[in-house]
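**Student:** Based on what follows, work out the 3D shape:
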Amino acid sequence: MNDDVNNDPADVVPTDEEGNPLKVKRSDLKSEKRSDLDPDGLIEEDNDLKSQVTKLKEKLKTALEEKQKYLDGWQRDKAEFLNARKRDREAQAEFLKFAKEDIVTELLPVLQSFEMAMANKEAWEKVDKNWRIGVEYISNQLKTVLETHGLKDVNPIGLQFDPMRDEAQEFVPVENEEQNNKVMEVIQKGYELNGKQLRAPKVKVGEFKKADSE
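**Tutor:** From the prediction side, this is the model:
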């Protein structure tokens with residue numbers, strides 16, 4: 001049997017026309033081996049695909065980081081804007097609250113004049129009824145308007161005397177020690193506007209003195 005039939009083609013040494021073995025470069029062998037392993041070039045294409053995927057992932061990561069950066073900046077700007085609007089509204093409300101203070105202060109003597117005129121019940125009852133009803137209506141109307149804008153009476157009768165709130169006109173003797181330093185009488189009511197005192201009430205304050213021991 002002919003031995004050439006069983007020879008592996010990979011073992012065949014290439015020769016020239018005269019039958020002399022050809023010299024094969026090592027690089028050609030490597031190239032030939034690579035070609036034999038990947039005849040369709042799939043490995044190279046797979047490497048290219050992986051490279052592209054890696055680049056896309058990096059771009060996506062960069063895009064997400066930039067998006068988060070812009071989102072954080074937008075949220076900070078929005079919060080600052082909302083806080084600024086809130087401060088502006090609060091400042092405006094505070095301004096409006098006390099903007100009418102001057103005119104209310106000027107009207108207080110008018111209101112007090114009405115109250116003083118009606119304070120003496122005996123004398124007031126002697127006034128013509130129709131005229132008295134008209135004056136009382138005007139007084140109540142004025143008071144209602146002022147109260148709508150935040151005016152309140154300060155009438156500390158029976159409360160502990162507070163020099164930061166009250167204006168003491170007189171100290172009157174009291175027999176009960178519990179009444180000591182308490183407001184016994186309000187000569188003239190005080191007023192406050194939206195929590196700010198405009199006029200202190202004028203009061204008489206009780207003063208208890210222990211009897212001298214015999």
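**Student:** Could you give the number of residues near residue 64?
**Tutor:** When counting by other C-beta atoms under 10 Å, one arrives at 10 neighbours for residue 64. All C-beta atoms are positioned from the backbone trio N, CA, C, and that covers glycine.
**Student:** Break the chain down into its domains, please.
**Tutor:** The domain map for the chain lists 41-99, 100-149, 153-208, with the assignment taken from automatic domain parsing.
**Student:** Run the chain-centre distance for the helix ranked longest in the chain.
**Tutor:** Longest helix in the chain by number of residues (criterion: DSSP state H): helix 42-99. In terms of C-alpha atoms, centre = their mean, to the nearest Å, the centre of helix 42-99 is set 21 Å apart from its chain centre.
**Student:** after that helix, next one along is what?
**Tutor:** Using DSSP states H and E, the helix or strand that follows helix 42-99 towards the C-terminus is helix 101-119.
**Student:** now for that next one, which elements pack on it?
**Tutor:** Judged by 3 or more C-beta pairs under 8 Å, 6 or more residues apart in numbering; DSSP states H and E, the packing partners of helix 101-119 are helix 129-148, strand 190-193, strand 196-199.
**Student:** Looking at the domains of the chain, which one is packed in the most?
**Tutor:** Each of the domains of the chain was scored by mean neighbour count; the highest is domain 153-208, a mean of 15, by mean count of other C-beta atoms under 10 Å.
**Student:** for that domain, how far is the first residue from the last?
**Tutor:** Length of domain 153-208, first residue to last, C-alpha to C-alpha, to the nearest Å: 28 Å.
**Student:** Would you mind checking the average pLDDT for that domain?
**Tutor:** The average pLDDT for domain 153-208 rounds to 93.
**Student:** SS state for residue 210?
**Tutor:** Following DSSP: H, G, I helix; E, B strand; the rest coil, residue 210 is assigned to coil.
**Student:** can you check residue 183 too?
**Tutor:** strand.
**Student:** which ones are touching it?
**Tutor:** 156, 157, 158, 159, 160, 161, 166, 203, 204, 205, 206 (C-beta atoms under 8 Å, 6 or more residues apart in numbering).
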